[in-house]
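S.K.: Output the structure for:
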Amino acid sequence: MKFIHTNIISTNWKNLVAFYVETFNCKIVPPIRNQTGKWLEKGTGVKNATLEGAHLLLPGYGESGPTLEIYQYSEIITQDFTPPNRRGFGHIAFEVENVERTLEKLISNGGTSFGEIVKKEIIGVGEITFTYARDPEGNLIELQCWTNASAQQRI
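M.R.: This is a model prediction of the structure:
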């Protein structure tokens, strides 16, 4: 068994794909998906389901790593932005070399800052520098950088 992908439903999949490619060096995994039919309706439970989008290879795992699937349905149900402490899926996280610079890049590519950049020593693990931000559609992203910690300790 292995983890394969995480999905984001977007109101403009092309713009959101461009944001993740530019900000986090994700790579599009062809083909572009354009799906419809009874099979999709049955599998998703969405009546008359039609969607378009792409899979993005996430950085750091090679060519067979997990992907971020960004899809846009022909009919979108909107909701308020999710706060970090709401039950359910909360955010995606990227380990970066420099939180400040990555946050600046995220903002210049259409995202927004959400929390403050903080540093905290985690006893037995190392020091984490992190913050929360939002992509252009309001999805939460954690930016984090560890010092003096092994990869196994950061999990």
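S.K.: Run through the residues that contact the residue lying closest to Tyr20 once chain neighbours are set aside.
M.R.: Excluding the flanking residues, the one nearest Tyr20 by CB to CB, 6 or more residues apart in numbering is Cys26, at 4.6 Å. (Each C-beta comes from the backbone N, C-alpha and C, glycine too.) Contacts for Cys26 were tallied using CB atoms under 8 Å, 6 or more residues apart in numbering; they are Tyr20, Leu56, Leu57, Leu58, Pro59, Leu68.
S.K.: What helix or strand is the first one located in?
M.R.: Per DSSP states H and E: Tyr20 is located in helix 13-24.
S.K.: Could you list the buried residues of that helix?
M.R.: Across helix 13-24, burial judged by 16 or more other CB atoms under 10 Å covers Trp13, Leu16, Val17, Phe19, Tyr20, Val21, Thr23, Phe24.
S.K.: And the closest residue to the second one other than its chain neighbours, how close does it get to Leu143?
M.R.: What sits nearest to Leu16 in space, not counting adjacent residues and going by CB to CB, 6+ apart, is Ser10, at 4.4 Å. Using CB to CB, to the nearest Å, we find Ser10 at a distance of 20 Å from Leu143.
S.K.: Ok, Val125 next?
M.R.: According to CB to CB, Val125 stands 18 Å off from Leu143.
S.K.: Ok, Glu104 next?
M.R.: For Glu104 relative to Leu143 (CB to CB), the value is 11 Å.
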